[in-house]
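Enquirer: Sequence first, then the predicted structure, then my questions.
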Amino acid sequence: MSGHRWMLDERLCLDILHTEFENTKADNHTLFGRIFGQRWEDADRSPYTAQRLYEEHRWRWNPAKSKDWDRICIPPTLRTGQQQAERDQMLQRIVAAAAQSGTNNFFTDEVDAPITLNAPAVVTTPAETSPTLQMVHTCLVDLAVFPPTYTQRNVSRFIPRESRLYKYGGHVKRVVEGNKTLDVMICTKSVCLLRQNYHRDASVSEHNAKALAARAENADLMIPGDSPLGGLPFVHVWRDCDRDAEPNQGERYTFSPIPPKPTIASELQTWISEIAFDDSQNGTEEGDGCAGYRRAGLCDPFHCDVCRISDERAAELLSGQGPSAPA
């Protein structure tokens, strides 16, 4: 057998089969053989089993993975025109292969018969109907303890959703407020004027506190379009999330933060996904929040200093038991 070398289009095919359809491993094995069987046979490469093909796709989360996966595992909103065209072309090849019959399959050593491609069902999720998370001022949250605690001090409980500060987006924390626990965004302290003029334990009149908050929430220096957070809630994948098992639509995660470890700041590389948050105890007048999926930004954990030191969760990921990076 000659040296084994995976090609980019082969890995792209695996990714589409495993993320855009809900067929069995056996069906995916058969379809892969229809598309690439002749190439493998001509190169004197031994065919993979269905399980081994499945494991090859799972390998995309390993730090030692091929660089091909960095080109393939990109959210639709971040793909270049060429990357999307390559994906569309491969999808057409898969559809054609599914209709194929009467030929011998190098991978299965059986005669091919038509296969029905099972696209994931379109389901209505809380992300489509739930309001985005509430936001609080960072200076009102004690981040020195875990979980962080929040105490209102003479300002509105939540930052208005229509304010420029809210639209900038913010990191998500699971905070304790009295006997309640809820997931909220905290404002981006580097652009919040309230943090520069107000201390949680200081004696500040209600009038002055509200004036400072209003000024901070609508400061001209904050332009949502320039936010590295894209105006969304932001979480760290390995440190803060568990990957949902067998998601129906792409990669989904559940927010489940652990105590942070000291780290240096790293440049954010933001992906977009859906995260299950719980702010059902927020007690707002417009609705008591909910537990459900919301659109959120994720870090790229393989290039994130915060996540790379989350050793326990990284180990879980590599063993196939824990959280994963976005696809």
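Expert: Noted; the coordinates are in hand. Numbering: from 1, shown residues only.

Enquirer: contacts, neighbours, all on C-alpha from now
Expert: Noted.

Enquirer: Provide a list of residues in contact with the closest residue to residue 177 other than its chain neighbours.
Expert: If the residues on either side of it in the chain are set aside, residue 177 comes closest to residue 150, at 5.2 Å by CA to CA, 6 or more residues apart in numbering. For residue 150, the contacting residues are 140-142, 175-177, taking CA atoms under 8 Å, 6 or more residues apart in numbering as the criterion.

Enquirer: Tell me what residue 150 is bridged to.
Expert: residue 141 (DSSP bridges).

Enquirer: what does residue 175 give?
Expert: With beta bridges defined as DSSP bridges, residue 175 has these partners: residue 182.

Enquirer: and the gap between it and residue 187?
Expert: Applying CA to CA, to the nearest Å, one obtains 14 Å for the distance of residue 175 from residue 187.

Enquirer: From residue 184, how far off is residue 8?
Expert: When distances are taken as CA to CA, residue 8 and residue 184 turn out to be 40 Å apart.

Enquirer: So for these two, which sits in the more crowded spot?
Expert: Legend: neighbour count by other CA atoms under 10 Å for residue 8 and residue 184, higher for residue 184 (23 against 14).

Enquirer: Quick check: the more buried one is in a helix.
Expert: No - assessed by DSSP: H, G, I helix; E, B strand; the rest coil, residue 184 does not belong to a helix; its assignment is strand.

Enquirer: Quick check: it touching residue 174?
Expert: Yes - judged on CA atoms under 8 Å, residue 184 makes contact with residue 174 at a distance of 6.5 Å.

Enquirer: Poorly predicted segments of the stretch 151-300 of the chain, please.
Expert: Residues of the stretch 151-300 of the chain meeting the criterion pLDDT under 70: 151-157, 195-210, 218-228, 230, 243-251, 260-271, 283-289.

Enquirer: the strands in it, which residues?
Expert: Secondary structure of the stretch 151-300 of the chain (DSSP state E, counting those that start in this stretch): strands at 170-177, 180-186, 233-235, 241-243, 252-255, 271-278, 291-298.

Enquirer: got CSV for these, with distance to residue 98 too?
Expert: Converted to CSV, the strands of the stretch 151-300 of the chain look like this (distance: least, CA to CA, whole Å):
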stretch, distance to residue 98
strand 170-177, 43
strand 180-186, 44
strand 233-235, 39
strand 241-243, 30
strand 252-255, 28
strand 271-278, 29
strand 291-298, 33
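
Enquirer: ranking these by burial, who's on top?
Expert: Across the strands of the stretch 151-300 of the chain, averaging neighbours per residue (mean count of other CA atoms under 10 Å) puts strand 233-235 on top, at a mean of 25.

Enquirer: Give me the helices and strands touching it, please.
Expert: The elements that strand 233-235 packs onto, with contact taken as 3 or more CA pairs under 8 Å, 6 or more residues apart in numbering; DSSP states H and E, are strand 170-177, strand 291-298.

Enquirer: out of the ones you listed, nearest to residue 133?
Expert: Nearest to residue 133 among those is strand 291-298; the distance by CA to CA comes to 7.9 Å.

Enquirer: The closest one relative to strand 271-278, how many degrees between them?
Expert: Using axes from the mean of the first three to the mean of the last three CA atoms, to 10 degrees, the inter-axis angle of strand 291-298 relative to strand 271-278 is 150 degrees.

Enquirer: Okay, now the sheet partners of strand 291-298, with direction.
Expert: As assigned by DSSP bridges, strand 291-298 forms pairs with strand 233-235 (parallel), strand 271-278 (antiparallel).

Enquirer: Only C-alpha atoms, please: export that strand in PDB.
Expert: Presented in PDB, the C-alpha positions along strand 291-298 are these (Å, rounded to 0.1, in the frame of the first residue of the first chain):
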ATOM      1  CA  ALA A 291     -33.800  28.900  29.800                       C
ATOM      2  CA  GLY A 292     -33.000  28.300  26.200                       C
ATOM      3  CA  TYR A 293     -30.700  28.800  23.200                       C
ATOM      4  CA  ARG A 294     -29.600  32.300  22.200                       C
ATOM      5  CA  ARG A 295     -27.300  33.400  19.400                       C
ATOM      6  CA  ALA A 296     -23.800  34.100  20.800                       C
ATOM      7  CA  GLY A 297     -20.200  34.500  20.000                       C
ATOM      8  CA  LEU A 298     -17.500  31.900  20.800                       C
END
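
Enquirer: after that strand comes which helix or strand?
Expert: Stepping forward along the backbone from strand 291-298, the first helix or strand reached (DSSP states H and E) is helix 305-308.
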